[in-house]
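1. can't give you the sequence, but here's the structure:
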Ligand SMILES: C[S@@+](CC[C@H](N)C(=O)[O-])C[C@H]1O[C@@H](n2cnc3c(N)ncnc32)[C@H](O)[C@@H]1O
């Protein structure tokens, strides 16, 4: 699997997270925060997953790739709306949970899983109508390679739509250090997402800011964990609970201080290359 050496630590960290069974209280919290119980690992609410579906122009005839799908969010939910979905990610534990869930949901004809890195996708060129991802590009590099791979597997005229956390433009050096400490591991990039999409060969590029709802969701994660403190502490231990809350508070501060942003990007593979 083509995972770049500096991305390996991140995928190993995710593998460890996905390797631990989720306690029921975690799904209860996720339902209160995001509106669904899919084992999500980010900030994409149900409403935003519907927005991804709209932007990616999904319908029952669409074949869509969910990159970095983790346990299946948002891809498996999108499959319940009628399109055909392939989930791809690196940690096998996440894919195992995803495949058990797709079987339990009766989605075996419409959804499947594949192990692979977005920097070297295990699919033929032009084999998808749409590529979506949620809070994935901020967890990996090299980003341009990943975007080029997304373009390659899209059919000409196909659409990509994704949410991503990124560094606010014009931050100071110390704010940048704070973003790296408190945000996703690879939150920084030397070019903006529209620039990188263009460099990768995409056209019709649009960016919509979702920072306000990112702040709301980040606060909601903290509030809901607090609300279920007893159950969560029993499930994961007091130290892990305190660590999650401290990480969450640092993130909320970075969002409120205007350092971390979140956006929805959409773009198209040109009809003719
Ligand atoms: C923040 S999680 C988001 C998971 C899921 N999309 C969600 O919203 O719950 C980031 C995901 O990106 C995946 N990831 C990191 N590097 C990757 C790579 N090179 N190729 C594919 N997926 C990768 C991780 O394994 C993880 O599942």
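-> Yep, it's here. Every value quoted in this text rests on a predicted model; they were computed, and no experiment measured them.

2. so who does the one residue in the stretch 1-150 of the chain that gets nearest to the ligand touch?
-> Shortest the stretch 1-150 of the chain-to-the ligand distance, computed as Cβ to the nearest ligand atom: residue-wise this is residue 68, at 3.0 Å. (Glycine included, C-beta is placed from N, CA and C.) Shown here is residue 68, whose contacts under the criterion Cβ atoms under 8 Å, 6 or more residues apart in numbering are 88-89, 118, 133-136, 139-140.

3. Just the element for the residue of the stretch 151-273 of the chain at minimum distance from the ligand, please.
-> Across the stretch 151-273 of the chain, the shortest distance to the ligand (Cβ to the nearest ligand atom) belongs to residue 184, at 6.7 Å. Assessed by DSSP states H and E, residue 184 sits outside every helix and strand.

4. Begin at 10, not 1, for the rest of this chat.
-> Taking 10 as the first residue, the last one we looked at is residue 193.

5. Who are the contact partners of it?
-> 144, 147-148, 174.

6. Next up, phi/psi of it, please.
-> phi -60, psi 150 (degrees, to the nearest 10).

7. Which residue is the nearest non-sequential neighbour of it?
-> The shortest distance from residue 193 to any residue that is not its chain neighbour, by Cβ to Cβ, 6 or more residues apart in numbering, is 3.8 Å, and that residue is residue 147.

8. you'd agree that neighbour is up against residue 195?
-> Yes: judged on Cβ atoms under 8 Å, residue 147 makes contact with residue 195 at a distance of 5.9 Å.

9. more neighbours, those two?
-> residue 147 (22 against 18; other Cβ atoms under 10 Å).

10. what kind of secondary structure is the more buried one in?
-> Assigned state for residue 147: helix (three-state reduction, DSSP: H, G, I helix; E, B strand; the rest coil).

11. ok, it - contacts?
-> The neighbours of residue 147, taking Cβ under 8 Å, 6+ apart as the test, are 173-175, 192-196.

12. Save the residues you listed as CSV, and put in pLDDT too.
-> Listed next are these as CSV, based on pLDDT from 0 to 100:
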residue, pLDDT
173, 98
174, 98
175, 97
192, 95
193, 94
194, 91
195, 95
196, 96
